[in-house]
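Enquirer: output the structure for:
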Amino acid sequence: MEDGLRPSPVPTVPFKVHEFVHWAPSLDELFMQVTSAVEEYEREYRSEYEHPKKSLACAQSQQQKEQLERLQEDMGSVALDTGTMTDGLSPVSDPSQEKVG
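Expert: Residues are numbered from 1 along each chain as shown. Here you go, the predicted model:
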């Protein structure tokens, strides 16, 4: 600056923020480029990032379904209603059903 020259508004050293973002001499142009970059991301890249998430969620759902099916198979041989035992003995006596005498 000692020679009276103003610094250039355009960077002299090349830099890569992204391929599609270039130097914008005004904020309006910068916002337009950011908007364009967002649209490009939505159009071209978002599905690539969301596909693995959906695959993982689907795999986890399938695994939970299989675990539930195995649990139901294991529980199938166990009597779920303990109040209907065939020998007439109830594991828990109900005081309201007892005769007072």
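Enquirer: so where's the protein uncertain?
Expert: For the chain, the stretches flagged by pLDDT under 70 are 1-25, 77-101.
Enquirer: show me the helices in it, by range?
Expert: In the chain, the segments counted as helices under DSSP state H are 27-40, 46-75.
Enquirer: can you tell me which of these is most buried?
Expert: Looking across the helices of the chain with neighbours counted as mean count of other Cβ atoms under 10 Å, the highest average goes to helix 27-40: a mean of 12. Any C-beta I mention is one placed from the backbone N, CA and C, and that applies to glycine too.
Enquirer: and the angle for that helix with helix 46-75?
Expert: Between helix 27-40 and helix 46-75, the angle formed by their directions is 40 degrees, by axes from the mean of the first three to the mean of the last three Cα atoms, to 10 degrees.
Enquirer: from T35, how far out is L56?
Expert: From L56 across to T35, the span is 31 Å (Cβ to Cβ, to the nearest Å).
Enquirer: wait, Q62
Expert: 39 Å.
Enquirer: what's the answer for S47, then?
Expert: 20 Å.
Enquirer: mind listing what A59 touches?
Expert: Contacts for A59 (Cβ atoms under 8 Å, 6 or more residues apart in numbering) come out as none.
Enquirer: ugh, wrong one, I meant V38
Expert: Applying Cβ under 8 Å, 6+ apart, no residues qualify as near V38.
Enquirer: and the gap between it and P52?
Expert: To P52, V38 is 21 Å away according to Cβ to Cβ.
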